[in-house]
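>>> Build me a model:
(chains A and B)
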Amino acid sequence: MPSVSLKRVSPIALPGRPARTEECHGWPVVLSYAEEGGGPWVADLSHRPRWDLQGPDLDRQQPLGHTIPVRPGEVHLAGGLLINRLNASQAALWHLAGDFPEPPTDPALTEVTEATLCLALAGSRLFGITEKLTSLDLAAPGHTAPRLLQGPFGHVPCQLAVFPGPPGPPMLVFTCSRGYGHDMLHAVLAAGEEFGLRPAGQATFEKALTAHIH
Amino acid sequence: MNRLKHLPTLRITPGAARSFTYGKHTFEGLQGDTVATALFANGVRVFGRSLKYHRPRGLYSLDGECSNTLMEVDGVPNVRTETTPLTAGIRVAAQNVMGRPELDLLGVLDAFSWAMPAGFYYRMFHRPARVWPLAIQQIRKAAGLGRLSPDFRMPGRFDEIYPAADVCVLGGGPAGLSAALAAAERGLRVILLEARPWLGGAFEYRAADDGDGVALHRKARDLAAAVAARPEIRVFTQAPAIGVYSDGQVTAFQRGGPDQSFDERYIEIRAAAVVVATGCGERPLLFEHNERPGVMQPACAQRLARTWGLLAGTEAVFSVGHDLGLEAAVDLFDLGLKVAAVADIREDGQDPTLVKALAQRNIPLLKGWVARKAHGGNRVTGATLTSVNGRFHRRLTCDLLAAAAGLTPATGPLTLAQSQLAFDPHTGYFLPRTLPKGLQAAGRLLGLESWAAVTASGRRAGLQAAADAGADCQAAIRESEAALRDLPGAVRGSKFVIAPGCGRKAFICFDEDTTVKNVDQAMAMGFDVPELIKRFTSAGTGPGQGGIPGHNLPLYVAQTGLSPDAHPRPTTARPPLVPTLLATYAGAQHDMSKRTPLHDLQVACGGRMERVGVWTRARRFTDDPRCRTEILNVRTNVGLLDASTLGKFLIFGPDALKALQRVYVSDMARMTPGRAKYSAMCNDDGCITDDGVVVQTAENDYYFTTSTARAGVTVEWFRYHTRYDGWCYHLVNLTDAYGVLNLAGPKAREVLSRVTTADVSNAAFPYMGYREMAIHGVPVRALRLGFVGELSYELHVPSSYMPALWDLLMEAGRLEGIRPFGLEAQNALRMEKGHLIIGSESEQRTTLHDVGLGFLWQREKADQRLVGAAALMQTERQPGRLKLVGFKMADPSGPPPRDGSPIVDARIRGYVCTARYSFTLKEPVGLALVEDGLAQEGARLAIYEDGCQGQLTHAVVTPYPFYDPEGRRLRQ
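Numbering: from 1, shown residues only, chains lettered A, B, ... in the order given. Sure thing, here's the model as predicted:
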């Protein structure tokens, strides 16, 4: 039987003209779009690896060599890896930038890349967009470090990592069930229309993430 | 109509004309007009007709508090024209009119008001009984305002917004503005909601001063400018609050416009503290014909002039009970209105400055007098005044009767927030006796009138709200309280409600045409407290949400001395406080449904997509609603179904098996590697809630499926039923991570073998087997099941690969005639096989035994405290239960009965769960839940179908499965 290389498909397709693309682990990835503008922008990160981590002693675990934040809602950003503490026995790991790591063998980690849509939204008017989609107070003052919220976004349960900035632009990375991808994108684009929301590629996202890391 | 020009308070732009049509006329208004003021400027005085008596109605309050000025605008009925900005090109039409507003043929009903006493529809036309259906038709035709076609689609752009704040201030008058500033000074985020298009409240149009020579409107605008300069304060104008809830939740809507991205948007605010500074309205004065066009509130007449440059008449009579009414008379006189007289309910207590100002203008002030009757038809032509003792009368000619009994606080938000209101005899207001935590009240709402007191009250409330939100400002609060104590307190208010000598037509509620006489009638029939009277007479239940009857109803009822409520109590306010479009509540209308990874491919294949629960799924792939070709293709060739919506879960950990044992009825310890185990879950009542298969993938590691409907609650279900055990296990919901392709049919194996190198022979991969295989490098979990009654493989594939796998299988099966099939075909196929869908062949009270799945129950595992075990024991042989049976129609040439049709004899004995024509058996077959007395083979079932007109169809209980009862095809 001749082997066929099967393509993977993201839950969504952003409505823009890709300028640079690459294939990564079977995923077609847009690195940049034509006319991305200066923000706000939305980037599809659904191809980036994500894991669910559950266990009774998370504080002692070091998934992919990193410690897990202690309190629920805390976020640890190390390189391209974002570790979100969800509750006493659960954390979410999102590998958002850089080379894909080797799949971890720890049975406490379950890969859930395919389970969710993952989008990044950023720009100075980010919270004008997000307040049309959620009653969660993403713009609450007094936060300088990234943090995690769990709740409705576009009326759908989501995990939301908020990067308030500076140094980077205000940014939100969130996941929801993959099946909601189409309608979530529709809601996000509609909410962002009045703010000039445009699609952006992985490179633009990584630039913004780097700004937050530094 | 000429407008007043050069007033500093004007909100119109002279020269910026806006053309619009009203009926057959083309009119011009000005930028800044509302639809109502533009119509008024063009001479329109009768805006519409009343609900019941079709009496002419005109401009009364300008804040849309009654239905008087509801009109049809651009085809949308019941638009509140008093608060709708005029835009160029709109089409306005009167409603509830047969003819013209000025000449309504149904106006004759007014002469028959005696035939429509309070609650007449409860008491009349009911005997003989056959009259009522006819009467109700006519009443319904006459009732209601506006016309809406069933296929009406609301035009416009609607949106929603969920901002958060530390402090939310309701009301943009001086108290609200001061509160917002005080909270913002503490560095808090403040949201301020104002119903009008601008800030300043009752002060922004007033030319009077507060003794310091600075006009109130100037002070109001300066304060508004200070608020605008604070980045911490976010102001929403044209945004009335519609709901206030616990924990600082406030709902509102905001009107937008051409320059904004929405026409109307829903606002839902979360705040740590709320300040209610919604001020006062004028309390209507009740007298004969108190709603004639030309009768309006004094502030309405004053705002018409000051804000829109329109004098409401040429000669006016004022009948008031408050100083603001006197101020309006003086102000309008100065603007050119002739004032024949001012009647003041109060014998004394007027502001001497205003009394002097009236005297200086030679305006007669009649203390202790009140309007008794308005004369005229479509317009007021005169007024009869009377002394409050009713002994002396005076008739005056006028075309404007500005009347109000006094002021009344806008307490709706306080009531919604569960504040206790009590009547205060000094102010005549219902004042908050207690305020819930996190809620403050301020300003005129509390009876304050002077600028200094109102703003100081606002500041105090703002600081208290800031403290509620966590700011440290106790010292500032003490200072603000001290400052407030040195200022004038609440003013004495009028409690007067109704003029002496009124006849039948003194209206307490304009919306519902409820008169004082109707209230008397209701009380005479025993409805003697305001809440009951409100319901019996409909007073306050119209589109104005009680804005006009307001507090008059409880005040009047208390004054009768006939009510057990000796102390007036306000009637309950409920959200929305302001009528709100359903389209606004719907907001941006994002229909958030889930799509499978194959959605687009199925659409391309002709799939008819339907919303099924949270998912959008393919019902069928042809025009044939019975799906004949799809069904037969599965029976004879091979079909491909997208079953991605199945719940899919991973459970792992040392206690994972215990958790499975707790919720699954079978003995899950008997699972063997490479084999799938079918089982079911029950609730505590032994009623079946779910079924699916479980496979063991490693030690303490299991993968299981649930029904689509239960996928969303499965994790909670496990956690809830093991919450006290302290077990160590973990659940991961992989429902969206894997798509599922169901390759089914006698040729399924041939197709599958073409895409994988794995051995899929019957020996290597038998029925109920589980294998992990690769298809062109893609890891696939494969289950050999048979839901549709054929050889079939359930392929669980990472979602991103699903389109590629679909294409691969469709190509691989081309020679075998592979076709997609949808939910309808699946339903017919599985029903022929006698396989159940929980929810279709079960209901809330259906146990495992009732549907014939009792064999799954492993009763020996009592130590695991199986969910529902006790109930399963009790119901196993319980008589009188509905049992699942198969049936065939007595006349096989007829159609199958509709799902859900009752099975009857002298009473309902059960119902049809699912019935379809079986293309395989060439006759209709079905499954039904029937009482156990009808569950024996051969029992005859009589089926009632909607619209059968008594002609029952009959069926005979038959053993099932109907198709392949030995299960050979599954195992082939």
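
>>> Kindly tell me how buried the residue of chain A found nearest chain B is, as a neighbour count.
For chain A and chain B, the shortest gap (CB to the nearest CB) falls at residue A:179, measuring 3.0 Å. C-beta here means a position set from N, CA and C on the backbone, and glycine is covered the same way. Residue A:179 has 29 neighbours, counted by other CB atoms under 10 Å in any protein chain shown.

>>> Next: residue B:49.
As a burial measure, residue B:49 scores 27 neighbours (other CB under 10 Å).

>>> next one: the one 5 residues further on
Using other CB under 10 Å, residue B:54 is surrounded by 21 other residues.

>>> which SS state does it fall under?
Following DSSP: H, G, I helix; E, B strand; the rest coil, residue B:54 is assigned to coil.

>>> center of the chain, which residue is that?
By default, I'm working from chain A. Chain A has residue A:173 as the residue nearest its centroid, 3.7 Å off, counting by CA atoms, centre = their mean.

>>> think we crossed wires, I meant chain B
residue B:585 (6.1 Å).

>>> Determine how far the last residue of stretch B:526-543 lies from the first.
Terminal residues of stretch B:526-543 lie 27 Å apart, using CA to CA, to the nearest Å.

>>> List the contacts of it.
Stretch B:526-543 is touched from outside by B:51, B:66-67, B:70, B:78, B:80, B:118-119, B:122, B:145, B:508-512, B:514, B:518-519, B:521-523, B:525, B:546, B:549-550, B:553-554, B:557, B:562-565, B:568-572, B:579, with contacts defined as CB atoms under 8 Å, 6 or more residues apart in numbering or on different chains.

>>> Among those, the buried ones, what's the ChimeraX command?
Provided next is the ChimeraX selection string for whichever of the contacts of stretch B:526-543 are buried by 16 or more other CB atoms under 10 Å in any protein chain shown:
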select /B:51,66,67,70,78,80,118,119,145,508,509,510,511,512,514,518,519,521,522,523,525,546,549,550,553,554,557,563,568,569,570,571,579
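
>>> circling back to that earlier point, just grab the bridge partners of the residue nearest to the centre of chain A for me.
Beta-bridge partners recorded for residue A:173 (DSSP bridges): residue A:120, residue A:161.

>>> any idea how far it lies from residue B:432?
The gap separating residue A:173 from residue B:432 is 45 Å, by CB to CB, to the nearest Å.

>>> State the distance from the closest residue to residue B:418 other than its chain neighbours to chain A.
Excluding the flanking residues, the one nearest residue B:418 by CB to CB, 6 or more residues apart in numbering or on different chains is residue B:436, at 5.4 Å. According to CB to the nearest CB, to the nearest Å, residue B:436 stands 21 Å off from chain A.

>>> would residue A:29 count as being in a strand?
Yes - membership of residue A:29 in a strand is supported by three-state DSSP.

>>> these two touch, right, it and residue A:203?
No - Residue A:29 is beyond contact range of residue A:203, at 9.7 Å (criterion: CB atoms under 8 Å).

>>> Return the nearest residue of the stretch 801-950 of chain B with respect to chain A.
Proximity of the stretch 801-950 of chain B to chain A (CB to the nearest CB) peaks at residue B:804, 3.9 Å away.

>>> With the stretch 251-400 of chain B instead?
When distances are taken as CB to the nearest CB, the stretch 251-400 of chain B reaches nearest to chain A at residue B:261, 3.8 Å away.

>>> that older thread, just want the phi and psi numbers for the residue of the stretch 801-950 of chain B closest to chain A.
Residue B:804 adopts backbone torsions of phi -60, psi -40, taken as degrees, to the nearest 10.

>>> got the contact list for it?
With the criterion set at CB under 8 Å, 6+ apart, residue B:804 makes contact with A:6, A:7, A:8, A:9, B:778.

>>> Please report the distance of it from residue B:431.
In terms of CB to CB, residue B:804 sits 70 Å off from residue B:431.

>>> partner residues bridging whatever residue of chain B ends up closest to chain A?
Taking CB to the nearest CB, chain A has its nearest neighbour within chain B at residue B:594, 3.0 Å off. Assessed by DSSP bridges, residue B:594 has beta-bridge partners residue B:615.

>>> What pLDDT is listed against it?
pLDDT recorded at residue B:594 is 98.

>>> just residue A:2 next, same as before
pLDDT recorded at residue A:2 is 60.
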